[in-house]
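Undergrad: 3D, please:
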Amino acid sequence: MRAMARSPSTDATSETEAAGSRRVPDAKSRVTTAIGQLVEDGRAEWRRTATGDIELRLLTGEVFVLGEMFVTRVA
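TA: Prediction:
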């Protein structure tokens with residue numbers, strides 16, 4: 001693997017500022033991304049319900065409702 005060369009003007013302060021400005025994904029974002037990958041891979045389907053929640057159906061038969069702050073297994 002090739003190592004990346006550092007710019008001579010890079011110092012610890014600029015690295016700290018850059019790290020602070022990057023947003024670390026929260027748990028909800030990570031879960032949503034993982035579920036989205038299941039859908040992309042064809043292993044699940046999801047749709048928005050009339051109440052605004054997301055219904056997730058796995059090909060194995062499980063059904064979940066993804067609310068704003070909760071996940072409920074329906075079947």
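Undergrad: distance-wise, check S29 relative to G36.
TA: Here the criterion is C-beta to C-beta, to the nearest Å. By it, S29 lies 10 Å from G36. C-beta: built from backbone N, CA, C; applies to glycine.
Undergrad: tell me the spacing between L38 and R23.
TA: The spacing between L38 and R23, counted by C-beta to C-beta, is 24 Å.
Undergrad: these two: who's more crowded?
TA: Here L38 and R23 are compared on neighbour count by other C-beta atoms under 10 Å; more neighbours surround L38, at 15 against 7.
Undergrad: excluding chain neighbours, what is closest to I54?
TA: Spatial nearest neighbour of I54, excluding adjacent residues (C-beta to C-beta, 6 or more residues apart in numbering): L66 at 4.2 Å.
Undergrad: who's in contact with that neighbour?
TA: 35, 46, 53-56 (C-beta atoms under 8 Å, 6 or more residues apart in numbering).
Undergrad: also T33?
TA: Counted by C-beta under 8 Å, 6+ apart, T33 has contacts P25.
Undergrad: can you pull out the low-pLDDT segments for the chain?
TA: When residues are selected by pLDDT under 70, those of the chain lie in 1-22.
Undergrad: just say helix, strand or coil for R30.
TA: At R30, secondary structure determined by DSSP: H, G, I helix; E, B strand; the rest coil is helix.
Undergrad: count of residues packed around it?
TA: When neighbours are counted by other C-beta under 10 Å, R30 registers 11.
Undergrad: what's near enough to touch D53?
TA: D53 touches 65-68, counting by C-beta under 8 Å, 6+ apart.
Undergrad: I meant to write E45 there.
TA: Neighbouring residues of E45 by C-beta under 8 Å, 6+ apart: 39, 56-57.
Undergrad: tell me the buried residues in stretch 38-47?
TA: Across stretch 38-47, burial judged by 16 or more other C-beta atoms under 10 Å covers A44.
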